[in-house]
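**Student:** From the sequence below, what's the structure:
(one chain, ligands or ions: 2)
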Amino acid sequence: MPSEAFAPLKIVADCIFCASCVAECTVRSVNPEYLGPAALAKAYRFVGDPRDHATQERLALYSQPNGIWDCDTCLYCNDVCPKGVKPLDAILRMREAAIEHGLVDNLGARHALAFSETVMKSGKLNEARTAIRSIGLGQFLKPGSGNVQLAVKTAMKGKAPELRKKPIEGMDEVRVLVAAARRMRAAKKP
Ligand code: SF4
Ligand code: SF4
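**Tutor:** Ligands and ions are numbered 1, 2, ... in the order given. Presented below is the predicted three-dimensional model:
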């Protein structure tokens, strides 16, 4: 295996299964069905291995509810791990890989893509568009979902998010920088 591919796996392989991260996980504390940081860090041991031939199947499995998209990125697992495993980093790498493998038909991936798309348009997060794109317009407007009522209530309080955001100054430079950063990342990938 090339050394640049092994480096992140080596960190994950250092896990001693102490479960400190699981005990501290904010999502596990409210949802015991969530796979949790230790299991997902271990999952990355295989997803990130270029010799593995089941990456697509594994990522499809971990993209299901209670998997990689249920983490709220609170960072506690990275903080408490005595071995420096950084389970959150492994989860984020798997999210990226899942999108790259076309596994985008789920709430988490749609939200990540909509978030990034709106930021790349204006330099600011467009909360309204991100919410609608994440759950889909049909679901957003579905009677009984409460979304329309919430939007009206928010607007009445003067807090309605703008549907169009004016681009920030220097947005063209931001796009050039992001494109360069993406090229550099792609070049580094084994
Ligand atoms: S970052 Fe995610 S996996 Fe880690 S403790 Fe927080 S919710 Fe749990
Ligand atoms: S805290 Fe670190 S060493 Fe302990 S189970 Fe979690 S990832 Fe493994």
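
**Student:** Give me the distance between the longest helix that the chain contains and the centre of its chain.
**Tutor:** Scanning the chain for the longest helix, with DSSP state H as the assignment, gives helix 171-188. Computed by Cα atoms, centre = their mean, to the nearest Å, the chain-centroid distance of helix 171-188 equals 19 Å.

**Student:** Point out where this structure drops to low pLDDT.
**Tutor:** For the chain, the stretches with pLDDT under 70 are 189-190.

**Student:** Which residues of the chain lie near ligand 2?
**Tutor:** With Cβ under 6 Å from any ligand atom as the criterion, the chain meets ligand 2 at residues 15-21, 37-38, 41, 80-81, 83, 85, 87. The C-beta positions use only the backbone N, C-alpha and C, and glycine is treated the same way.

**Student:** Show the overlap between these and what lies near ligand 1.
**Tutor:** Counting by Cβ under 6 Å from any ligand atom, Pro37, Pro87 from the residues of the chain next to ligand 2 sit close to ligand 1.

**Student:** Quick one: residues contacting Ala109.
**Tutor:** Residues counted as contacts of Ala109 (Cβ atoms under 8 Å, 6 or more residues apart in numbering) are Ser63, Trp69, Arg95, Ala98, Ile99, Leu103.

**Student:** at 6 Å what do you get?
**Tutor:** Ile99 (Cβ atoms under 6 Å, 6 or more residues apart in numbering).

**Student:** Any buried residues in the longest helix of the chain, and which?
**Tutor:** Residues of helix 171-188 classed as buried: Val174 (neighbour count, 16 or more other Cβ atoms under 10 Å).

**Student:** contacting residues around that helix?
**Tutor:** With Cβ under 6 Å, 6+ apart as the contact definition, helix 171-188 has outside contacts at Gly123.

**Student:** before we move on, what about stretch 134-153?
**Tutor:** Residues external to stretch 134-153 that are found in contact with it (Cβ under 6 Å, 6+ apart): Leu107, Arg110, His111, Ala114, Ile132.

**Student:** Distance check, the most far-flung residue of the chain relative to its centre against Ala109.
**Tutor:** The centre of the chain is farthest from one residue, Met156, which by Cα atoms, centre = their mean lies 32.0 Å away. Plainly put, Met156 is 33 Å away from Ala109 if you go by Cβ to Cβ, to the nearest Å.

**Student:** What residues does this structure have near ligand 1?
**Tutor:** Counting by Cβ under 6 Å from any ligand atom, the positions of the chain adjacent to ligand 1 are 24-27, 37, 71-77, 87-88.

**Student:** mind redoing it with 8 Å?
**Tutor:** With Cβ under 8 Å from any ligand atom as the criterion, the chain comes near ligand 1 at residues 21, 24-28, 34, 36-37, 40, 70-78, 87-88, 91.

**Student:** Tell me the one of the contacts of stretch 134-153 nearest Gly123?
**Tutor:** Gly123 has its nearest neighbour among those in Ala114, at 15.5 Å by Cβ to Cβ.

**Student:** Contact partners for the residue farthest from the centre of the chain?
**Tutor:** Taking Cβ under 6 Å, 6+ apart, we find Met156 in contact with no residue.
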